[in-house]
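Trainee: kindly return the folded structure for what I paste below:
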Amino acid sequence: MLPRRTFNLAARNLCSLSQSTRRIHTSIRVSTETVSTSQLNEDSQERWLFIDSVFPIRLGIWDFRHYIGILREETLLEHLHERLETVKTHDFHILELQPHKKDGGVFVRFAYNPHDDQNALETLQTDLRHEADKHGGLPSWSGLNYCNIWLVKGRPFIEDMYRYPSGIVKVSFDGPDVPEEALYSLFRPYGRIYNLTVPTPVPAGTLRSSDVLFHRVRSATIARNTIHGYTFFNNGAKTRLRTVYQRPIQAHAIRGWLTSHPRIVLPILFFLLGTLTYTIFDPIRVLSVEGKMLNWFDYREYKLYKWLRANALDRFSLTSHGGEDVPPQGDIWKERKEAESAVRNYLSDLPSTVAFVHGPQGSGKSSMLDAIIRDTGRKVLVIDCAELSKATSDTRLVAALAQQTGYRPIFTFLNSVNNMVDIASVGLIGQKAGFTSSLEDQLKRILDVVGKALNNVNHILCTSAQRSVKAAQDAEVRRAEDARTRARIRAGTWHDPRLDCVAGNGIMSELGVGDELLEGDGDGEFTRFGGIEDDVVNLNDKGEKTNEGDLARQRRSVEDVQAVHTLPIVVIKNYAARGGPYKEVLLGVLANWAASLAENQIAHVIVVSDNRENAKLLARALPSKPLNSIALSDADAPSALSFVRQRLRDAGITSDLTPAQTKAIECLGGRASDLESLFHKVRNGQSIEEAVEDIIASGVGELRKNAFGEDIDDAKSLPWSREQAWVVLKQLTRRHELPYYDVLLEAPFKGDEAPLRAMEHAEIISINTHHGRPSTIRPGKPVFKYVFERLVNDPIFQAMQDIALNQKLISSSESTVSACESELTTLKELSNVERSFWGLRRKTTSERKEYLLKKMRSAQAKIQTLEKQNAALKKALAKGG
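Mentor: Alright, predicted model coming up:
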């Protein structure tokens, strides 16, 4: 047995004991020193008891019940000491109380004198329990007094590590294994055991162990604190038992099960993630899109900001906040009036199709739509395909679309994670899990959420408009009631019964009438008043008589108008913008979404494009309804001159134009962007002639780069060849327009439409249609006619391009000559075996030979002519310039 000093030293080193508990221990230890020597003789022995459930069992770091035990610790230990000290069996005397709050118990070190009694400890334990039952049990933190007293068979092990109690006690064998029957008999007195594991093989140097699974955690704490350090003897072999708590769930048990059952776990995981997305994030995204549409998150729409702006910021600001320069929409720009009227008519009715606004770039489509939307005050959502086409990956495209529509939150990184999950699932279950969605599905998912938000916005605005209409109707009713009251006052038939009630005029106060005229008095005044009242009630704002049916129709008409005006507007700009690897997918999804919005009357949809040919995708999305096609064209010369004069007059610059200035302005044509550029250059100090010259010069450099490339490598990346672009430009300098199919069938195109379509998308040329088919080719902008002339009249550039074109034509002619020579050789071999009955050659062979010879002579003459031209052009290059 260890000496008393060892246990006292261990007790003093326990950091988990509070100061109050230490004071109690000290008092108990001091009392033991004052005991007479007759009580503590050499025959006395020391042992330990464990009293369970005095404190709450702490199941984890999150369990805050132990604070209750800390608050009651001093009181509980004092009562426990008083209760146990009443027992005097075998000279029982308490030496020390050591609380073990984590396991909810208290260790009691006591001294006793066995008096040669083999069963002294059992007798002492029985008397202690009997004494506790006689007083209603031992004190506990909950006040239920269901504590019990247990004899410690091993050695107390009090620690403050994060080893929280559990229902499983791991028993390690420091020696031979303990039989299962003996282990069960040893642990069963502390509580019910529902399982006991058999020791398994372990690495060398590791103790074998068994797990004892108790039905209750309380039983496990008792067993762990009473058995730890117990020495078991079996047939002369000695085994020391070490106990420790085992968590009910192993650290990697869940992870191991999940990784070993992917066919079950992955589908459930994907289902839960999808459910989480649709139930939590989609409503948030719908709310975010609604906030963008209704300006919930725009601080400039807040009343406080508007008040501060009007009363503070604008007063101290040194700059004016005038409106932006907007091109006049009146008679000056006559070509736009018809398109503007068509757009306004489309917005004034419930949508049944999509409005397709097309026209060359710079024709004023965006400014016209901005002015119309600003006038109507409607809520608008703008999707710019040009910005979306700049995306270089699926993730960037999805993020850009979400940014423009207000779709938040968005987790773009999940696309890469989903790809990795699919790759991993192929290795685990042999097939893709289907978690990765295509770009088309991602875009559709975003636009579906935006569609729901637009529908909600429509409902919110419609409800607000109905409230406004109802308020206006109530105000009209109040005005009519006031008019009726005034008419009755003028007729002398109005009476306020409250006056008689206050005056107490007997029966008058009950009838609520006074001296007003009744029927039959005053020569029919009352009857005449009825006609006056009807006239007042049935007068509208213009003073005309109306009836109830007309009023009802007016109300319905107002509601219908409000239902149309509350519909949001969706503007898809730069539709079919050039560039972008995901152009076809994006445009197809936008076309189907726009068609669904229009068919379901959720919003007015306006698609803006630079080319009429881009309407094919929209037409396929609306097969049963025609598109509302609205075209904008360049202004004619008088309108362009009127526009420039008006802009110069508004800027305070003289609007009197000289003939030279007028001629210079006519070079720009009627393209709105070029006219605006001219105005800004003139306002910055340039003359009109200098500004026009600057526009043409910059157009020459831009066209040389876009149409011919900066170098050979850049030219190879163009979808057309330099020779094809040179032929079109050279012919357009001679003629105002070119027949489309004439250019298509001649060299160097030879029936290939792709280069012409590519040049149209690059805005180098414009292709006009007639009855839905290409008809003529014109310059991409009116000013390009003069830009083409500058390029063609440049002798060095012209010589280089003509030489390159002639070389290509020479190569084509030489190929023709080689083909003819080869065929003539074949015909010569046939002529030796093919003879007529009279010894003459067949006529067919001779005719084919003559045709080939003529073709060879023509090709050879063409080669000689082109080589002479090249020689002359090379001399021009040698002179320089």
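
Trainee: so P774, which state does it fall into?
Mentor: Reduced to three states with DSSP: H, G, I helix; E, B strand; the rest coil, the structure at P774 is strand.

Trainee: contact partners for it?
Mentor: 740-741, 767-768 (CB atoms under 8 Å, 6 or more residues apart in numbering). Yep, even glycine has a C-beta here, placed from its N, CA and C like the rest.

Trainee: and what of L809?
Mentor: For L809, the contact set (CB under 8 Å, 6+ apart) comprises 747-748, 862, 866.

Trainee: repeat that with 10 Å
Mentor: Counting by CB atoms under 10 Å, 6 or more residues apart in numbering, L809 makes contact with 723, 747-748, 862-863, 865-866, 869.

Trainee: what about it, which helix or strand?
Mentor: Assigned by DSSP states H and E, L809 belongs to helix 795-831.

Trainee: buried residues in that helix?
Mentor: Across helix 795-831, burial judged by 16 or more other CB atoms under 10 Å covers 797-806, 808-810, 813, 816-817, 820, 823, 827.

Trainee: which neighbouring elements make contact with the helix ranked longest in the chain?
Mentor: The longest helix of the chain (DSSP state H) is helix 439-491. When contacts are defined as 3 or more CB pairs under 10 Å, 6 or more residues apart in numbering; DSSP states H and E, helix 439-491 packs onto helix 282-294, strand 380-384, helix 394-405, helix 525-537, helix 548-565, strand 569-573, helix 583-599.

Trainee: between these, which gets the lowest average pLDDT?
Mentor: Least confident of these, judged by mean pLDDT, is helix 525-537 with a mean of 45.

Trainee: distance to Y346 and secondary structure added to the contacts of L809, as a markdown table?
Mentor: As requested, the contacts of L809 are exported to a markdown table (distance: CB to CB, whole Å; DSSP: H, G, I helix; E, B strand; the rest coil):
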| residue | distance to Y346 | secondary structure |
| --- | --- | --- |
| E723 | 45 | helix |
| A747 | 46 | coil |
| P748 | 44 | coil |
| K862 | 56 | helix |
| I863 | 59 | helix |
| T865 | 58 | helix |
| L866 | 56 | helix |
| Q869 | 56 | helix |
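
Trainee: nearest to E689, of those?
Mentor: The closest of the contacts of L809 to E689 turns out to be E723 (CB to CB; 34.8 Å).

Trainee: OK, contacts around the closest one?
Mentor: Neighbour list for E723: 747-749, 801-802, 804-809 [criterion: CB under 10 Å, 6+ apart].

Trainee: now, among those, which is nearest to H93?
Mentor: Closest to H93, out of all of the contacts of E723 and judged by CB to CB, is F749, at 118.0 Å.

Trainee: check contacts around the closest residue to E753 other than its chain neighbours.
Mentor: Of all residues not flanking E753 in the chain, L744 sits nearest, at 6.4 Å (CB to CB, 6 or more residues apart in numbering). By CB under 10 Å, 6+ apart, L744 lies in contact with 738, 750-753, 755-756, 774, 777.

Trainee: am I right that F232 is in contact with G175?
Mentor: Yes - F232 is within contact range of G175, at 8.0 Å (criterion: CB atoms under 10 Å).

Trainee: which of the two has more neighbours?
Mentor: Per other CB atoms under 10 Å, whichever of F232 and G175 has more neighbours is F232, with 20 against 16.

Trainee: what pairs with the more buried one across the strands?
Mentor: T239 (DSSP bridges).

Trainee: if we can go back for a sec, where does the residue nearest to E753 land on pLDDT?
Mentor: Confidence score, pLDDT, at L744: 89.

Trainee: just the element for it, please.
Mentor: Assessed by DSSP H and E, L744 sits inside helix 740-745.

Trainee: so V682, which state does it fall into?
Mentor: helix.

Trainee: next one: the one 10 residues further on
Mentor: Classification of V692 into helix, strand or coil gives helix, according to three-state DSSP.

Trainee: S698 is in contact with that one, correct?
Mentor: No - using CB under 10 Å, V692 makes no contact with S698, being 11.0 Å away.

Trainee: comparing the two, which residue is more hemmed in?
Mentor: V692 (25 against 12).

Trainee: so W62: helix, strand or coil?
Mentor: coil.

Trainee: ok, it to T825 distance?
Mentor: W62 is 99 Å from T825, where distance means CB to CB, to the nearest Å.

Trainee: got it, and D794?
Mentor: Using CB to CB, D794 is found at 46 Å from T825.

Trainee: ditto for P267
Mentor: Per CB to CB, P267 is found 72 Å from T825.

Trainee: and for D610?
Mentor: For D610, the distance to T825 equals 54 Å [CB to CB].

Trainee: and G205, by the same measure?
Mentor: From G205 to T825 the distance is 96 Å (CB to CB).

Trainee: tell me, how many residues neighbour A871?
Mentor: For A871, the tally of surrounding residues (other CB under 10 Å) stands at 10.

Trainee: tell me what the helix or strand where it lies is packed against?
Mentor: A871 is part of helix 843-879, with elements assigned from DSSP H and E. With contacts defined as 3+ CB pairs under 10 Å, 6+ apart, helix 843-879 has these neighbours: helix 795-831.

Trainee: mind checking how far the helix it packs on is from the chain centre?
Mentor: On the basis of CA atoms, centre = their mean, to the nearest Å, helix 795-831 sits 60 Å off its chain's mean C-alpha point.

Trainee: so it versus helix 843-879, what angle?
Mentor: Helix 795-831 runs at 160 degrees relative to helix 843-879, counting by axes from the mean of the first three to the mean of the last three CA atoms, to 10 degrees.

Trainee: quick revisit: quick one, which of the contacts of L744 are buried?
Mentor: Among the contacts of L744, those classed as buried by 16+ other CB under 10 Å are 738, 755-756, 774, 777.

Trainee: flag the least confident of those.
Mentor: Within the set of the buried ones among the contacts of L744, pLDDT is lowest for P774 (83).

Trainee: buried sites along the helix or strand where V171 lies?
Mentor: Assigned by DSSP H and E, V171 belongs to strand 168-174. Under the neighbour-count criterion of 16+ other CB under 10 Å, strand 168-174 has 168-173 buried.

Trainee: with stretch 351-364 instead?
Mentor: Result for stretch 351-364 [16+ other CB under 10 Å]: buried residues 351, 353-364.

Trainee: among those residues, which pair sits farthest apart?
Mentor: Once CB to CB is applied, the buried residues of stretch 351-364 give P351 and G362 as the farthest pair, at 28.0 Å.

Trainee: quickly list what's touching both of V692 and S698.
Mentor: Counting by CB under 10 Å, 6+ apart, the residues touching both V692 and S698 are S677.

Trainee: sorry, back to before: quick one: list the elements packing against the strand holding V171.
Mentor: Packed against strand 168-174 by the contact rule (3+ CB pairs under 10 Å, 6+ apart) you find helix 180-187, strand 193-196, strand 209-214, helix 217-227, strand 231-234, strand 237-246.

Trainee: the closest residue in space to I61 that isn't next to it in sequence: how many residues sit nearby?
Mentor: In space, and not counting its chain neighbours, I61 is closest to Y162: 6.9 Å by CB to CB, 6+ apart. By the measure other CB under 10 Å, the count of residues near Y162 is 8.

Trainee: go on, R344?
Mentor: Counted by other CB under 10 Å, the residues lying close to R344 total 12.

Trainee: show me the contacts for the residue nearest to G588 when sequence neighbours are not counted.
Mentor: Excluding the flanking residues, the one nearest G588 by CB to CB, 6+ apart is L617, at 6.2 Å. L617 is in contact with 575-576, 584, 587-592, 594-595, 607, counting by CB under 10 Å, 6+ apart.
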